[in-house]
Structure formats: structure tokens, C-alpha cells
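Engineer: Fold the following for me, if possible:
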Amino acid sequence: MKISFNKKEIVDVLSKIQGLTGRKTSLTITSDILIKAVGSKINITASDMETAFYGTYEAEVEREGILSINSKKFYEILREYPDNEIIVNEVENRWVEIGKGDSLYHIVSSDYENFPETPVIENVEFIEISSKDLKKMVEMSSIVGYPGEEKRIYVLGSLIEKIIKDGKEKLRIVSTDSKRLNCYDAEFKGNLNLPEESLIIPKKGLSELSKFIDGSKESINVGIKDNHFIFQDENESVMIKLLEGEYPDYKPVINYQEMIPVEVERSIFSTLMKRISILTSEDYKTVILNFKNNELIVTITNPEIGESKERIMIPFSEDEIKSAFNPRYFIDALSLFEENSVILNLKESKSPCIIRSFDNDRLICVIMAMHIS
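Structural biologist: You can find the predicted model right below:
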């Protein structure tokens, strides 16, 4: 193989797949990328056995071929290379020459036949979804993380399903870590036929997908087939293998109909949570929210550091509610909203707080109450 290409485009895509190729798997070759040169294009493939990336780019192909090369080292060489045009030449015994003249690198490639097989999924019935909506779905899913030792499937992945809402079919994604839950509904165009069993997309795959969503585009194609969630945008595709398991019934958790709505200014409340969270620590993460007489009093007592108390005025004339929450969860949830005001839905001290927009419920964030010591 001997090829040359523009540095900027390839460096950009290589930077996006570093998380994918940097993940430890049972095969060390997954730290490589597969480059195939055919005609006037090169195909770049990356895979961690669960999520696969495939992209096609323009190049000058002097000699066709295929090679498997370390993703991190290849990216670092290209990123620091002084010229805009990059020449890659496979010489002998799997050695690869990168560059020319005074800037020349020689690195060894791997046996490309050992590269994991990328799933070939054909005849996918794609739907069109707003790129802004898809970006928001992935963002609100990824923000609910999980510890490294987590084994529960419904925490490791996010549920995706088709619902009927306001007389229209919509795509819904749900993400939880059992202490909080996010739910987002998006409109789409096209036919979406889903199997009856739970469709759970790994959060780590969604995290990688987020790097390829161009929010400035009007729409993006997504589909589900052969146990894979498939993203397609012009010359790039991402395929995420679905997890097997059941997702718990989350719908009672997002039901706010019998709760007390409290309107708050999003930026003021978020800033308050940031200030009060200064005194949290690994062992003391709880703040007390006391709603009464048109005011909210927020307090924290941390014997390791100190205490704090803040008060803001709010429209609240119901019986007093005193609940404990993790302020970090409020900060994360409020960052997902764009409106100036949000609604906090409350009921009693042990009930969750359900956050939604003032005029719609396409995005719902649920924060579970903690024990008041």
C-alpha cells in the first residue's frame, strides 16, 4: 500500500476514535485501526468488539492494500507532522513508512488478518432524527454514569423504545443508575419496527457515538437491525452491539401528575446547588431542601468541613416538604435544560424530585431522595 492524504481530515477522525481504540479488550489488536486503500479512497475501521466505526475518505492511492496499525501512535505521528500532506507507504515485513524527506517515521504494523471482523449489516431501514435531538439523547444518557464494577445491565445501558405521545410516534431513550433517571422523547421520520424485547444500548458505545454527531446538521439516520444500533452520516457509520437483558418498568417513576409543581429559575437554582456542593465530600453528599412559606432553605452539615445555609424565594404555599438530595445530580440534570425556568415536582420527604420544562415534558429528570440523618 502507498497512499497520501490531507492531514486535517484524517487527524480529526483519528482523534475521535481514540476512546474506542484505547479501551482494553481480550484482543490487543483492537488498539489498531484497519486502513484499506481502494480506488481513490481509504476506508478506516476501528472496533472494541462491541462498538465499531467505519469511515471512507478521499486519498491519492498509488498502490492499493490493507494494513493494521496502532491507532494511538499513528494519530500522534500525524498530529505532530509538519506538513499538510501525509504519505503512508507499506514497505516490507509489515513495516510502514510515514512521511518524506527530513520528517520520516518507520513503525511496524500488525497482521491485518487478526483484526476483529466488522459486522456487515445490510438493508437497514433507517429513520431520520434531528441531529440536535440525537445529540441531546446521547448527552442525557451518558451523563448518568456507572462505577467500573457495575454489573446491572439496565445501569450499563440505556433503554430505547418507540412510544405514542400526543398522537405521534416518538423515539424515547431512558438512562438510570438507580439513584437518578433521565428520559427524553424525540420525533422522527420514517418507519421504525422494533422487536418486543428491551433494546438496551451500552452507555460506553453512546459516549463514543457522541463524538460523531454534528449538531449543526438538520438530520441524521439511525436504525436498529441484527442486534445493533446503527448511526449513519454521509461517509461515517457507527455500529453499537445491543446488550441482552430486561429493563425495569420505569414509567411509574416519571409520573408527576399527583405531585406539587414548583417553578424555579434554572440558573439561580443551579448556581445555588454549585455553591452548596462545595461542602460535600466522599462521605457526606447530602443537602437538605426545605420547601415552606414561599421560600426554599438549603442546608448542609458536613462534620469533616463545616456547614452552610442558603435561602431563595419561590412560589410555594403547600404544606412543608423537607427532603435530602445529592446536589451534584441537580447540577447535572439542570445542565440538560435550555429554558430559563424549570418545574420541580415534589410530594413528600421520601419521594423523588421530578424535573421538567415549564411548557413540555419531552425531557424528564428524576432524582431520588436520600435518607435524612
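Engineer: Where do the helices of the stretch 251-373 of the chain begin and end?
Structural biologist: Using DSSP state H, counting those that start in this stretch, the helices found in the stretch 251-373 of the chain span residues 266-276, 327-334.
Engineer: if you compare those, which one is most tucked away?
Structural biologist: Most buried of these, by mean neighbour count (mean count of other CB atoms under 10 Å): helix 327-334, with a mean of 21. All C-beta atoms are positioned from the backbone trio N, CA, C, and that covers glycine.
Engineer: and that one, what other elements does it pack with?
Structural biologist: strand 180-189, helix 266-276, strand 353-357, strand 363-367 (3 or more CB pairs under 8 Å, 6 or more residues apart in numbering; DSSP states H and E).
Engineer: now do 7 Å
Structural biologist: Packed against helix 327-334 by the contact rule (3 or more CB pairs under 7 Å, 6 or more residues apart in numbering; DSSP states H and E) you find helix 266-276, strand 363-367.
Engineer: what residue ranges in the stretch 251-373 of the chain score low on pLDDT?
Structural biologist: Counting by pLDDT under 70, the stretch 251-373 of the chain has low-confidence residues at 373.
Engineer: can you do 90?
Structural biologist: 280-285, 302-304, 358-360, 371-373 (pLDDT under 90).
Engineer: Show me the one of the helices and strands packed on helix 327-334 that comes nearest residue 138.
Structural biologist: Of all the helices and strands packed on helix 327-334, it is strand 363-367 that lies closest to residue 138, at 13.2 Å by CB to CB.
Engineer: Can you list the buried residues in that closest one?
Structural biologist: Going by neighbour count (16 or more other CB atoms under 10 Å), the buried part of strand 363-367 is 363, 364, 365, 366, 367.
Engineer: Take the helices and strands packed on helix 327-334 and lay them out in TSV including distance to residue 133.
Structural biologist: What follows is the helices and strands packed on helix 327-334, written out as TSV (distance: least, CB to CB, whole Å):
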stretch	distance to residue 133
helix 266-276	20
strand 363-367	10
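Engineer: quick one, which of those is nearest to residue 235?
Structural biologist: Using CB to CB, those put strand 363-367 closest to residue 235, at 31.1 Å.
Engineer: Run the chain-centre distance for that closest one.
Structural biologist: Here strand 363-367 is found 16 Å from its chain centre; the criterion is CA atoms, centre = their mean, to the nearest Å.
Engineer: Also stretch 3-21?
Structural biologist: Distance, centroid of stretch 3-21 to centroid of chain: 20 Å (CA atoms, centre = their mean).
Engineer: Residues touching it, excluding its own?
Structural biologist: With contacts defined as CB atoms under 7 Å, 6 or more residues apart in numbering, stretch 3-21 is touched by 30-31, 33, 37, 42, 44, 46, 48, 51, 53, 55, 57, 59-62, 71-72, 74-75, 78-79, 81, 84-88, 208, 211-212.
Engineer: for stretch 150-166, same thing?
Structural biologist: Contacts of stretch 150-166 (CB under 7 Å, 6+ apart): 141, 146, 169-178, 185, 192, 194, 198-203, 206, 243, 245, 247-248.
Engineer: Go again with 8 Å.
Structural biologist: When contacts are defined by CB atoms under 8 Å, 6 or more residues apart in numbering, stretch 150-166 is touched by residues 141, 146, 169-178, 185, 192, 194, 198-203, 206, 224, 229, 242-248, 250.
Engineer: Looking at the helices and strands packed on helix 327-334, which is nearest to residue 130?
Structural biologist: strand 363-367 (13.8 Å).
Engineer: All the strands of the stretch 251-373 of the chain, residue numbers only.
Structural biologist: Applying DSSP state E, counting those that start in this stretch to the stretch 251-373 of the chain gives strands spanning 260-265, 287-292, 295-302, 306-313, 321-325, 341-346, 353-357, 363-367.
Engineer: Any chance of the ones you listed in CSV with distance to residue 113 as columns?
Structural biologist: Listed next are those as CSV, based on distance: least, CB to CB, whole Å:
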stretch, distance to residue 113
strand 260-265, 59
strand 287-292, 57
strand 295-302, 58
strand 306-313, 62
strand 321-325, 54
strand 341-346, 55
strand 353-357, 52
strand 363-367, 47
